[in-house]
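Peer 1: Quick one: sequence and predicted model below, then my questions.
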Amino acid sequence: MNLKVATVISAGLLLSAASVMASDAQVDKAKSAIQKLKRQSAVEFAYQRHSDFGERTMRERYRPLPDSHGWTLLSENDEKPSAQRLTEYQQMKYDEWQSGQQTQDTEDQDQQSIKLSLSDMIQADTLVYVGEQEWRQQQVLAYTFTPYLDKFSEHDDKLQGNLYLSPNSHSPAGLSITLKESFSPAMSVTLENFEMQIELMPITDKGTTFYVPKQTEEKMAGSYLYFKDFSNHTIREYTDYSVLDTASVSRVSAN
């Protein structure tokens, strides 16, 4: 083999190996960020949630309780709810809590509490480093992954996940999940568009930093019964966090 050609091939192999090692190092940073989310999954948070459904708004407070759903309706469309509406709301939340599942009303679908780990959505062995880019007006390190969502668990291959880290601290900044191709999650239902964005923010309690949702946005569109279309766009903002489970905080700090 010509010496010059052999040298070029060797240099190319070295560069390729260096690129793979750099990519692996970036993926390790992402896995470390996921572990941060996983370690805090046992911690209980209280918070306020403002939901914008387009035609109406709702402000709620959540405080986890051992023997209740923990939700309080504060306002709807910036107005104080009537006694009748409060009764309806409490009954709805109680029924959800009792059954252990969410209402079928798409507008009201959401996790019962933020203690559910965001890390469960990310299949870490599918992470691929993409590079630095802009997301929601901030510079981030971006990764793709195959997501896991309970309601679409049989259709993981139809979804595309993206994880975003702060380029300086390598802490989790957020994630997004989008639809790659339409599919039918249930009989007579076709999902044609799905996009979920979860922006995270840090909060600190007793010297421990947690990463919790700041804003979530979900868009969903499709058809059901073959001829009826549906389209939903929900934006939720989370504020006034407090950490309640001090025992769990101690365990997180120890790790």
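Peer 2: Nice, thanks for sending it over.

Peer 1: In three-state terms, label residue 84 for me.
Peer 2: Three-state assignment for residue 84 (DSSP: H, G, I helix; E, B strand; the rest coil): helix.

Peer 1: So what's the residue count around it?
Peer 2: Residue 84 has 8 neighbours, counted by other Cβ atoms under 10 Å. Any C-beta I mention is one placed from the backbone N, CA and C, and that applies to glycine too.

Peer 1: Please apply the same query to the one 4 residues further on.
Peer 2: Neighbour count for residue 88, taken as other Cβ under 10 Å: 13.

Peer 1: Give me the three-state assignment for it.
Peer 2: helix.

Peer 1: Tell me how far it lies from residue 82.
Peer 2: 9 Å (Cβ to Cβ, to the nearest Å).

Peer 1: Over to residue 55?
Peer 2: In terms of Cβ to Cβ, residue 55 sits 19 Å off from residue 82.

Peer 1: Give me the more crowded residue out of those two.
Peer 2: The neighbour count for residue 55 versus residue 82, taken as other Cβ under 10 Å, is higher for residue 82 (10 against 7).

Peer 1: Contact partners for the more buried one?
Peer 2: For residue 82, no residue meets the contact criterion (Cβ atoms under 8 Å, 6 or more residues apart in numbering).

Peer 1: residue boundaries of the strands in the stretch 101-250 of the chain?
Peer 2: For the stretch 101-250 of the chain, applying DSSP state E, counting those that start in this stretch gives strands covering 128-135, 138-145, 159-165, 172-179, 183-186, 189-205, 208-224, 228-243.

Peer 1: now these as TSV including distance to residue 47?
Peer 2: Below are these laid out as TSV (distance: least, Cβ to Cβ, whole Å):
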stretch	distance to residue 47
strand 128-135	23
strand 138-145	22
strand 159-165	21
strand 172-179	17
strand 183-186	29
strand 189-205	10
strand 208-224	8
strand 228-243	5
